[in-house]
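**Student:** Test case, fold it:
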Amino acid sequence: MKYWIYMLAAGFLITTQSCVSNKKFSALQSERDAAKSENAQINEALKNCQTLTKENDRKLTEYANENQYLKKQVDYMKENNTQVLGRMQDLSVLSSTQAESVKKSLDKISQQDGFIRDLQSSMARKDSLNMSLILNLKGSLKDVNDKDVNVQVEKGVVYISISDKLLFASGSSQVLTPAKAVLGKVAQVLNDKPGFEFIVEGHTDDKPISNGCIQDNWDLSVKRATAVTRILQDEYKIDPKRITAAGRSSYLPVAGNDTIEGRTANRRTRIIIQPQLDQFFQLLEPKS
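**Tutor:** Numbers count the residues shown, from 1 in each chain. Have a look, this model is predicted:
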């Protein structure tokens, strides 16, 4: 009898230890999966930062080369005018009127040199603002599929391109409910940059459309742009004075319309964040 009691006790201990080991193993697996997910997110963020850093370094190199070229031109003009002035003075043929004219020319060159430096400073500041804007947008949209939302810079302008399958049902201009959360994330970044104005553009493929509500692709692209605009204004309180709604129909494609993939890429809504040109126009104004 005691033998069977010992056997039952031993079996109970083995079973208990096995359950505890399995629980620990499952807990370790969960921790490992969470660590892998966090590591993937960190790698993606690092990749985005490296890409933006390369772009910034390239622009800084371009500005440095351009600045060096302009500086050489200014130095050459200064040296040339100084040499001419010295020769005329040595020959004692320089009248007071001519001397004043040469002096004004030198002053003008000096002003132009200052203008160039101010302009380059403003351009560098604009690029820094764009870089900050892109980082904020990518951070806000990090949980959104990259195929549905794309943020990029072209020629100093920030573009946010959102696929139509995320925003609209086929042939419709009514924004889908899940898409409003994405627009809310974009609106939050735009509200943090009140000095920027932007354009909401609707784009379609070249497949003709006509129904009781939509006349053609022009009509569809405009209605989709205004639908997004109303949500940004009404639900996310963006000042409507900052927004321009526009429809481009099928006439600005990013891919060919002869494949399903190409037509899918062409059906999109773009938010174009306009550069602050007023600072450049102010530089062009004569200073008193």
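
**Student:** And the helix or strand where S221 lies, what's buried?
**Tutor:** Using DSSP states H and E, S221 sits within helix 217-234. For helix 217-234, burial by neighbour count (16 or more other C-beta atoms under 10 Å) applies to 217-229, 231-233. Placement of C-beta: from N, CA and C, glycine included.

**Student:** and that helix, what other elements does it pack with?
**Tutor:** The helices and strands touching helix 217-234, judged by 3 or more C-beta pairs under 8 Å, 6 or more residues apart in numbering; DSSP states H and E, are helix 164-167, helix 177-191, strand 198-203, strand 243-247, strand 268-273.

**Student:** Show residues contacting the third one.
**Tutor:** In this structure, residues lying in contact with strand 198-203 by C-beta atoms under 8 Å, 6 or more residues apart in numbering are 190, 220-226, 228-229, 232, 242-250, 252-253, 266-274.

**Student:** do the last one as well
**Tutor:** Identification of contacts with strand 268-273 by C-beta under 8 Å, 6+ apart yields 133, 157-164, 167, 186, 190, 193, 196-203, 224-225, 228, 254.

**Student:** Can you pick out the most distant pair from the buried residues of helix 217-234?
**Tutor:** Farthest apart among the buried residues of helix 217-234 by C-beta to C-beta are N217 and Q233. That separation is 24.5 Å.

**Student:** Okay, now the unreliable bits of this structure?
**Tutor:** 1-21, 25, 84-100, 102-103, 106-146, 275-288 (pLDDT under 70).

**Student:** Now do the helices in it.
**Tutor:** Counting by DSSP state H, one finds helices in the chain at the ranges 2-90, 96-140, 164-167, 177-191, 217-234, 260-266, 278-284.

**Student:** which helices and strands does the third one pack with?
**Tutor:** What that stands for is helix 164-167. Contact here means 3+ C-beta pairs under 8 Å, 6+ apart; on that basis helix 164-167 packs against helix 177-191, helix 217-234, strand 268-273.

**Student:** if we go to 10 Å?
**Tutor:** helix 177-191, strand 198-203, helix 217-234, helix 260-266, strand 268-273 (3 or more C-beta pairs under 10 Å, 6 or more residues apart in numbering; DSSP states H and E).

**Student:** what's the closest of these to R58?
**Tutor:** Taking C-beta to C-beta, strand 268-273 is the member of the helices and strands packed on helix 164-167 nearest to R58, at 20.4 Å.
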